[in-house]
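Colleague: Got a sequence here, can you build the structure:
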Amino acid sequence: MNGDAENELATLLRAAIAGDERAYAEFLGRTAAIVRGFARRKIQGGVDPEDIVQETLLALHMKRHTWKTDAPVSPWVYAIARFKLIDAFRKRGRHVEVEIGEIAETVAQPEAETVSDREIGRVLDGLTAGQRSVVAAISIEGRSIGETAAKFGMTETAVRVALHRGLRSIAKKFGRS
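Modeller: Numbers count the residues shown, from 1 in each chain. Purely as a prediction, here's the structure:
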């Protein structure tokens, strides 16, 4: 990512953290495109790149408070995307090797804070029943889009829509605080 794009992403995320909903929507849109390209390059089959995109966006939303505002955004985004990719492969029993240089920056930094079960419950309580079920199945239980669709008797497209709307609702709720 070039320096201008990096600066634009950082500016958008700073504005989003300050409560600018439009900036947050723009940040998520640009980040989704970046992660989608990353996931497509890394996956040879067996894992849906869109699952990685959605998992990464949710993790970015839940962990946005851990980003240091004076640090570059892209290493933080790529680190989360790599971990979500590795988790997806692990769920399917595949062994993944990652070069230590790819994750060295993120391994050395302690996590600032964890999200409690009560905080997660509070976030999910603000969603409709359908959105809550889908977001919980994918983000908390670790199910894939396909598994969630089968569990609730929905199409994969309907699951993606419910997940996206749920994430958007969460973003709006926390973008204002």
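
Colleague: quick one: the longest helix belonging to the chain to chain centroid distance?
Modeller: Longest helix in the chain, counting residues (DSSP state H): helix 21-42. With CA atoms, centre = their mean, to the nearest Å as the basis, helix 21-42 stands 9 Å off its chain's centre.

Colleague: So which elements touch it?
Modeller: For helix 21-42, the packing partners by 3 or more CB pairs under 8 Å, 6 or more residues apart in numbering; DSSP states H and E come out as helix 3-17, helix 49-63, helix 74-91, helix 156-175. C-beta here means a position set from N, CA and C on the backbone, and glycine is covered the same way.

Colleague: got those as TSV, with distance to Phe38, mean neighbour count and mean pLDDT columns?
Modeller: Formatted as TSV, those follow (distance: least, CB to CB, whole Å; neighbours: other CB atoms under 10 Å; pLDDT from 0 to 100):
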stretch	distance to Phe38	mean neighbour count	mean pLDDT
helix 3-17	14	16	89
helix 49-63	8	21	89
helix 74-91	5	19	85
helix 156-175	19	18	83
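
Colleague: possible to save those helices as JSON lines with distance to Ala136?
Modeller: Below are these laid out as JSON lines (distance: least, CB to CB, whole Å):
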{"stretch": "helix 3-17", "distance to Ala136": "24"}
{"stretch": "helix 49-63", "distance to Ala136": "11"}
{"stretch": "helix 74-91", "distance to Ala136": "16"}
{"stretch": "helix 156-175", "distance to Ala136": "9"}
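
Colleague: Out of those helices, flag the one nearest Lys42.
Modeller: helix 74-91 (5.8 Å; CB to CB).

Colleague: now that closest one, how far from the chain's geometric center?
Modeller: Its chain's average C-alpha position is 9 Å from that of helix 74-91, according to CA atoms, centre = their mean.

Colleague: Hmm, Ser74 and Ile34 touching each other?
Modeller: Yes - with contact defined as CB atoms under 8 Å, Ile34 counts as touching Ser74 (7.4 Å).

Colleague: Lys63 contacts Ile80, correct?
Modeller: Yes - if you go by CB under 8 Å, Lys63 and Ile80 touch, sitting 7.0 Å apart.

Colleague: Verify the stated contact: His61 with Leu167.
Modeller: Yes - between His61 and Leu167 there is a contact at 6.4 Å, judged by CB under 8 Å.

Colleague: Would you mind giving the domain segments of the protein?
Modeller: Per automatic domain parsing, the domain ranges recorded for the chain read 1-111, 115-177.

Colleague: Which residue of this protein lies farthest from its centroid?
Modeller: Residue farthest from the centre of the chain, counting by CA atoms, centre = their mean, is Gly153 at 24.2 Å.

Colleague: Can you point out the buried residues in the longest helix of the chain?
Modeller: Across helix 21-42, burial judged by 16 or more other CB atoms under 10 Å covers 23-28, 30-32, 34-36, 38-39, 42.
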